[in-house]
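Asks: using only what follows, build the 3D model:
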Amino acid sequence: MGSTASGTGFPADPAGQYSLATFGAGCFWGVEKSFQKKYGKSIETLVGYAGGVADQPSYKQVCTGTTNHAEVLQVKYKESEIPYKDLLDFFYRMHDPTTKNRQGGDTGTQYRSAIFYHNEQQKDAANTSIKDLQHHFGKHTISTTIEPMGTFWNAEDYHQDYLNKNPHGYECPTHFERSWDRIHELYGGE
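Replies: Coordinates of the predicted model:
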């Protein structure tokens, strides 16, 4: 069922035209589809694994929970077109950031809510976002981890763009865009 994951994300961009953002928000199929639906051709996406200890992890290994990798989406975008803070805002609204190591029926550290920062500016923005957005979730504490990027391992080819290739495939029911008003209703935000 596919080969071992290999590679490390998008090719280098020596001209500095693009930025990368990496998010864990549960099953990477639904995360990828949500970001594609929101941003369309303004972004490029890859799904993979980050934050773990194994070299070249496979999907099967990551699913055991023993590698500590998260299923993640890497987004290639132009900061001049989509500011990082806008990606962060959408990230919090497209999944449940208050459930530790879980999205819907998917449980385990591989499904954690996580922001993998690529530089100090992203780290600062991610830390600030939690402080600024916590009030929207009321007494439900944001459990999103903020972790250094480290190595991004591409997921196997069959995972890339999975829900576009398999439109009737499993999609986590927590992956959809919510308004902040709806989040206030659901979580008792202030």
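
Asks: confidence-wise, which helix or strand of this protein is lowest on average?
Replies: Least confident helix or strand of the chain, by mean pLDDT, DSSP states H and E, is helix 162-165 with a mean of 92.

Asks: list the buried residues in that one.
Replies: Within helix 162-165, the residues scored as buried using 16 or more other CB atoms under 10 Å are Tyr162, Leu163. (Each C-beta comes from the backbone N, C-alpha and C, glycine too.)

Asks: what's the next secondary structure element after that helix?
Replies: helix 180-187 (DSSP states H and E).

Asks: follow-up on the earlier one: the least confident helix or strand of the chain: how far from the chain's middle?
Replies: Here helix 162-165 is found 17 Å from its chain centre; the criterion is CA atoms, centre = their mean, to the nearest Å.

Asks: against Asn127, how distant is Val62?
Replies: Computed as CB to CB, to the nearest Å, the Val62 to Asn127 distance reads 26 Å.

Asks: now do the strands in this protein.
Replies: Assignment of strands within the chain using DSSP state E yields the ranges 19-25, 44-50, 70-77, 102-103, 106-107, 113-117, 145-148, 153-154.

Asks: include mean neighbour count, mean pLDDT and distance to Pro57 when you put the ones you listed into a markdown table, please.
Replies: Listed next are the strands of the chain as a markdown table, based on neighbours: other CB atoms under 10 Å; pLDDT from 0 to 100; distance: least, CB to CB, whole Å:
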| stretch | mean neighbour count | mean pLDDT | distance to Pro57 |
| --- | --- | --- | --- |
| strand 19-25 | 24 | 97 | 14 |
| strand 44-50 | 23 | 97 | 5 |
| strand 70-77 | 25 | 98 | 10 |
| strand 102-103 | 21 | 94 | 19 |
| strand 106-107 | 16 | 94 | 17 |
| strand 113-117 | 24 | 98 | 15 |
| strand 145-148 | 16 | 98 | 16 |
| strand 153-154 | 22 | 96 | 6 |
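
Asks: tell me the contacts of the residue nearest to Lys37 when sequence neighbours are not counted?
Replies: Distances taken as CB to CB, 6 or more residues apart in numbering place Glu177 nearest to Lys37, at 7.8 Å, with adjacent residues excluded. Glu177 is in contact with Ser34, Lys37, Lys38, Phe90, Arg93, Met94, counting by CB atoms under 8 Å, 6 or more residues apart in numbering.
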